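**Student:** Provide a 3D model corresponding to the input given below.
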Amino acid sequence: MNLAKNRSGFVIFLFLLISAFLKPASGQQTIDTSFPNGRLLNSSGVYMDNFGDSLTAVFFLDLKPNFQEIATLKIFNNSDLSLKSQLIIDTLDPGYERARMAVYGTNGGHVYLSYQANQTYFYSLYKLNSDLSNYSLLFKHQIPNLRIINSKIIDNEVYIQSINSTTAQFDTVLIQVLDFNGVLLRQKYHGTSFSANFDSAFTNTFSVGPMSDPNNSNQIVFGNEYKCRTISLDKQSLEVTGIMQSEPIDIRYGSTYITNYSLFPDRVECGGTVVYGFNFSTNIEFTFQSYFHSRNWQGDSIYEDRFGSLLTDERCYSFYTDPFNQNKFLVGAAPFSNYIFEGQEYREIVLHRFNQFGRDSLLLYGNKNHVPFETNSDSQGNIYILSTYTDSWTTDSSFYTLTKIPNYAISLLDKEKIKELHLYPNPCKDFVNIPSSPNGKIVDVEIYNQTGQLVKKLVAINDQFDIREINSGIYIVKMTDSKARPYVHIIHKI
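**Tutor:** Modelled structure (predicted):
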């Protein structure tokens, strides 16, 4: 179903809406941890993945005062985010700038960890034992004079993507395939120096992936980081088998920065950040916005839209599709129009959720400089967000926060079409005012806590209801008007 054609039939989802300057509320679980030796190496040095429904792992590079790096894996229980185990994977020499780590999901019953040292051209693969208490190094692979940008395990083979970092041949791409012993099985060079047609070449802009092709098990797919566009390669020959045509120009959507792709048999979906233009009739203005684009495999645009307020610059760092219910998430940070190179910065996490019925959004943490990097889910519908923050640009302290958002809000309202009615004031202390609904006055009021339990049932009097006897916290308010039509809102009792 096309979003643009079904706005009148939107289901308004209930989400845990937290004010920009609030701490995590009861019912939303978090782990807030400083990096043991001072600060995060860089934004590419922290990753998260789920080990099934029971565990979530955070893999990070911690920069010591002597500029050595400590590669650390922490594994948390999904039920309460308690720490299950911690492993120090490696201690690295100085100078490993832009080193990257990724946590691979289980493959053949095992968990694999990879480390990419871009400045020293090394790729290392580790394997955890079955109880996740120890690990072994499988191999180290050196790629001279090429910068590693991606790696992934597909069908028990390790795919490594590298690019030439010299100015003369910056568009050269090398794809290598190795087994778990580090034996090179096959490789292929691509790039503009090997193709007369730049638009059909496999250049370094196709840096998202590799991904499995949902239509052909003999192919892999890479996504372009600057536009919603894919290129397909044969697994054995590593030759290009197809490339999506370039996007048509839309003056509203300027430069795009794609963070991730979701592939389906009939379409390609991507999400990231767009430089969006508006007010073309007067004075053209531009703002950063979270961005989503869906195209069929022939390159025809299915749906394209931006998310966020035009008054605030917002940058998206994570695009995620929940495989269990197909809800989509764009997770970013805002505002990005307030760069302060000395002193405190304040940036909140902005999470947009949407599907074929509609969209909603959530705000988290406005009291620090927060930036999200990873989003994941489990089969129960719980959402996990890994974010980092600093006190300002100039401090040496860095922290990461692992947040779990429970699924109660989704399950409570997906069963019926409930409209939204904004209450005020919010946050509130004693009485809450109810604006008139389109179908008559609000009569009945039910207040639920964040676990979905009914806390209080009230009758609205003079377009307001009394919350003085309710404890402080975040609550879900479900209301019914005189024509028995439901409405919903979220309030914060202070």
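**Student:** By mean pLDDT, flag the weakest helix or strand of the chain.
**Tutor:** Ranked by mean pLDDT, DSSP states H and E, the weakest helix or strand in the chain is helix 408-413, scoring a mean of 42.
**Student:** Asn426 is in contact with Glu492, correct?
**Tutor:** Not Glu; residue 492 is His. Yes. In this structure, His492 is within contact of Asn426 by C-beta atoms under 8 Å, at 6.3 Å. For glycine as for every other residue, the C-beta is placed from the backbone atoms N, C-alpha and C.
**Student:** List the neighbouring strands of the strand or helix carrying Tyr303 plus their orientation.
**Tutor:** In the assignment (DSSP states H and E), Tyr303 maps to strand 301-307. Next to strand 301-307 in the sheet, as set by DSSP bridges, lie strand 285-295 (antiparallel).
**Student:** helix/strand/coil for the residue lying closest to Tyr320 once chain neighbours are set aside?
**Tutor:** Of all residues not flanking Tyr320 in the chain, Thr375 sits nearest, at 3.9 Å (C-beta to C-beta, 6 or more residues apart in numbering). Look at Thr375: counting by DSSP: H, G, I helix; E, B strand; the rest coil, its state is strand.
**Student:** mind listing what Thr375 touches?
**Tutor:** Ser318, Tyr320, Phe329, Val331, Leu351, Ile383, Tyr384, Ile385, Leu386 (C-beta atoms under 8 Å, 6 or more residues apart in numbering).
**Student:** now it: how far from Asp155?
**Tutor:** 25 Å (C-beta to C-beta, to the nearest Å).
**Student:** Tell me where the model's unsure across the stretch 201-350 of the chain.
**Tutor:** 249-254, 278-284, 336-345 (pLDDT under 70).
**Student:** mind listing the strands in it by residue range?
**Tutor:** All strands of the stretch 201-350 of the chain, identified by DSSP state E, counting those that start in this stretch, fall at 208-212, 219-223, 230-234, 240-243, 253-264, 267-278, 285-295, 301-307, 315-321, 328-334, 348-354.
**Student:** by how many degrees do the third one and strand 219-223 diverge?
**Tutor:** Right, the one you point to is strand 230-234. Angle, strand 230-234 to strand 219-223, by axes from the mean of the first three to the mean of the last three C-alpha atoms, to 10 degrees: 150 degrees.
**Student:** likewise the first one?
**Tutor:** Between strand 208-212 and strand 219-223, the angle comes out at 150 degrees (the same axes, to 10 degrees).
**Student:** now for strand 208-212, which elements pack on it?
**Tutor:** strand 146-154, strand 157-164, strand 219-223, strand 253-264 (3 or more C-beta pairs under 8 Å, 6 or more residues apart in numbering; DSSP states H and E).
**Student:** which residues touch the longest one?
**Tutor:** Meaning strand 253-264. Here strand 253-264 has contacts from 208-209, 211-214, 221, 223-228, 230, 268-277, 286, 291, 293, 304, 306, 316-321, 328, using C-beta under 8 Å, 6+ apart.
**Student:** Restricted to buried residues, select these in PyMOL.
**Tutor:** In PyMOL syntax, the buried subset of those is picked out as below (16 or more other C-beta atoms under 10 Å):
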select buried, resi 208+209+211+212+213+214+221+223+224+225+227+228+230+268+269+270+271+272+273+274+275+276+291+293+304+306+316+317+318+319+320+321+328
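**Student:** Please report how far the residue nearest to Tyr320 lies from Glu269.
**Tutor:** 14 Å.
**Student:** And for Gln219?
**Tutor:** Distance from Gln219 to Glu269, by C-beta to C-beta: 18 Å.
**Student:** likewise Tyr123?
**Tutor:** From Tyr123 over to Glu269 (counting by C-beta to C-beta), the distance is 29 Å.
**Student:** ok, now which ones touch Ile243?
**Tutor:** Taking C-beta under 8 Å, 6+ apart, one finds Ser200, Phe202, Arg229, Thr230, Ile231, Ser232 in contact with Ile243.
**Student:** If you could redo that for Glu247, that was the one I meant.
**Tutor:** Glu247 neighbours (C-beta under 8 Å, 6+ apart): Lys227, Cys228, Arg229, Arg295, Gly299, Ser301.
**Student:** Could you do His190 as well?
**Tutor:** Thr172, Val173, Leu174, Ile175, Ala201, Phe202, Thr203, Val240.
**Student:** try it again with 7 Å
**Tutor:** Residues near His190 by C-beta atoms under 7 Å, 6 or more residues apart in numbering: Val173, Ala201, Phe202.
**Student:** between the residues you listed, which has the most around it?
**Tutor:** Phe202 (26 neighbours; other C-beta atoms under 10 Å).
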